[in-house]
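> Coordinates for the following, if possible.
(chains A, B and C)
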Amino acid sequence: MNLHPMKLVTIVCEAYAADAVLRLLAEVGASGHTSFPVEGSGARGRRLADIPEYANTQFEVIVRPELATLLLQRLGAELFPRYAMVAFESDVRVLRADKF
Amino acid sequence: MNLHPMKLVTIVCEAYAADAVLRLLAEVGASGHTSFPVEGSGARGRRLADIPEYANTQFEVIVRPELATLLLQRLGAELFPRYAMVAFESDVRVLRADKF
Amino acid sequence: MNLHPMKLVTIVCEAYAADAVLRLLAEVGASGHTSFPVEGSGARGRRLADIPEYANTQFEVIVRPELATLLLQRLGAELFPRYAMVAFESDVRVLRADKF
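Model prediction:
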């Protein structure tokens, strides 16, 4: 069995930021993702209040580690100033990672 | 780039337990989450049969490590006896963690 | 508090492969899962193009480590040749793991 260490990058954003996220994923060469609608809330504190209660989109993207770094850097530099969003990465082991 | 080690706490519960989960998240000070409807099944065994086939809600909550421990402790002590639910934590690295 | 190291196996597949995934989960003895519809795309490259843009299902399954290995092996051997799908595992710590 062929398990490859990769990164799972999760991005939660306002729905109207989804197109910008998709463009960035294409630009950095992230070759596959899933997305689904979620409710989200930043219930306490001014800083999280910018995530509205409804109409968020959650993206999950599997990428090689170096691509995760690039993706997060560009998210932070280019999209975080413009949209309410949260992004994080975690470690996964992917079956048949030659797909990515 | 500013990546902070945090915990992702995932809670899957019957939909009618969602309000109790939301109250607990607010009480422990978990400042943001997403939720979405899922189908779930505990297909085998008596103990999992208490998770019904439909109408579950999945919560995903990013918290600091010490808050993850508190949240899981209270889930186990206060909500697990009353509702069919599953909860687990994993390690994530969050961009712009000053949001949480 | 009782946290057990387990594996979270995530499977993203075309919706029409869902029944085959459910059968395999039952056969290997995976006792609980959630599933939800996702949009997915393999935006770049021939190899990911086999994941269609819509109508995918994401399964999330919590299993003991040895069962994760068996599940991934059988997914790779039996379902990957027949369906467009992606599968990966990650480490989680599960509250009240006697449920699984």
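
> make it CA atoms for all contacts and neighbour counts henceforth
Fine.

> Which secondary structure element is home to the spatially most central residue of chain A?
Taking C-alpha atoms, centre = their mean, the centroid of chain A lies closest to A:I11, which sits 2.6 Å from it. Element membership for A:I11, per DSSP states H and E: strand A:3-14.

> And A:E39, by the same measure?
Counting by DSSP H and E, A:E39 is part of strand A:33-41.

> Quickly check: that strand near chain C or not.
Yes: if you take C-alpha under 8 Å from any C-alpha of the partner chain as the test, strand A:33-41 does meet chain C, through A:33-36.

> can you check stretch A:19-27 too?
Yes: using C-alpha under 8 Å from any C-alpha, we find that stretch A:19-27 touches chain C at A:A26.

> mean confidence score for that stretch?
For stretch A:19-27, mean pLDDT rounds to 95.

> same deal with stretch A:70-84?
Computed over stretch A:70-84, the average pLDDT equals 93.

> Now do the buried residues in that stretch.
A:71-76, A:79-80, A:83-84 (16 or more other C-alpha atoms under 10 Å in any protein chain shown).

> same question, stretch A:19-35
For stretch A:19-35, by 16+ other C-alpha under 10 Å, it's A:21, A:24-25, A:29-35.

> show me where chain A has helices.
A:18-28, A:65-74 (DSSP state H).

> Could I get the CA-only coordinates of the shortest one as CSV?
The reference is to helix A:65-74. The C-alpha coordinates for helix A:65-74 follow below in CSV (Å, rounded to 0.1, in the frame of the first residue of the first chain):
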residue,chain,number,x,y,z
PRO,A,65,3.9,20.1,1.9
GLU,A,66,5.7,22.8,0.0
LEU,A,67,2.6,23.7,-1.8
ALA,A,68,0.7,24.0,1.5
THR,A,69,3.2,26.6,2.6
LEU,A,70,2.8,28.5,-0.6
LEU,A,71,-0.9,28.3,-0.5
LEU,A,72,-1.1,29.5,3.1
GLN,A,73,1.3,32.3,2.5
ARG,A,74,-0.7,33.6,-0.4
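
> That helix relative to helix A:18-28, how many degrees between them?
140 degrees (axes from the mean of the first three to the mean of the last three C-alpha atoms, to 10 degrees).

> picking up where we left off before, what pairs with the strand holding A:I11, parallel or antiparallel?
The pairing partners recorded for strand A:3-14 under DSSP bridges are strand A:56-63 (antiparallel), strand A:85-95 (antiparallel).

> mind giving me TSV with those strands and columns for mean neighbour count?
Listed next are these as TSV, based on neighbours: other C-alpha atoms under 10 Å in any protein chain shown:
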stretch	mean neighbour count
strand A:56-63	24
strand A:85-95	23
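
> Those strands: which one's closest to C:T57?
strand A:56-63 (13.2 Å; C-alpha to C-alpha).

> quick one: average pLDDT of that closest one?
pLDDT averaged over strand A:56-63 gives 95.

> circling back: how about the buried residues of stretch A:19-35, which pair is most distant?
It's A:G29 and A:S35 that sit farthest apart of the buried residues of stretch A:19-35, by C-alpha to C-alpha, at 16.8 Å.

> can I get the CA coordinates of stretch A:30-37 in CSV?
Extracted C-alpha coordinates of stretch A:30-37, given in CSV (Å, rounded to 0.1, in the frame of the first residue of the first chain):
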residue,chain,number,x,y,z
ALA,A,30,-3.6,22.7,-6.2
SER,A,31,-5.0,20.1,-8.4
GLY,A,32,-8.0,18.9,-6.4
HIS,A,33,-10.3,19.9,-3.6
THR,A,34,-13.7,19.4,-2.2
SER,A,35,-16.1,22.2,-1.0
PHE,A,36,-19.3,22.2,0.9
PRO,A,37,-21.6,24.8,2.5
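
> Run the chain-centre distance for it.
8 Å (C-alpha atoms, centre = their mean, to the nearest Å).

> Indicate whether that stretch makes contact with chain B.
Yes: residues of stretch A:30-37 contacting chain B under C-alpha under 8 Å from any C-alpha: A:P37.

> contacting residues around A:I11?
Counting by C-alpha atoms under 8 Å, 6 or more residues apart in numbering or on different chains, A:I11 makes contact with A:58-60, A:85-88.

> Over to A:M1?
By C-alpha under 8 Å, 6+ apart, the neighbours of A:M1 are A:95, C:72-73, C:76.

> repeat that for 6 Å
Listed by C-alpha atoms under 6 Å, 6 or more residues apart in numbering or on different chains, the contact partners of A:M1 are C:Q73.

> Then the one 5 residues further on?
The contact partners of A:M6, taken as C-alpha under 6 Å, 6+ apart, are A:63-65, A:92-93.

> Farthest pair within the contacts of A:I11?
The widest separation within the contacts of A:I11 (C-alpha to C-alpha) is 13.4 Å, between A:E60 and A:M85.
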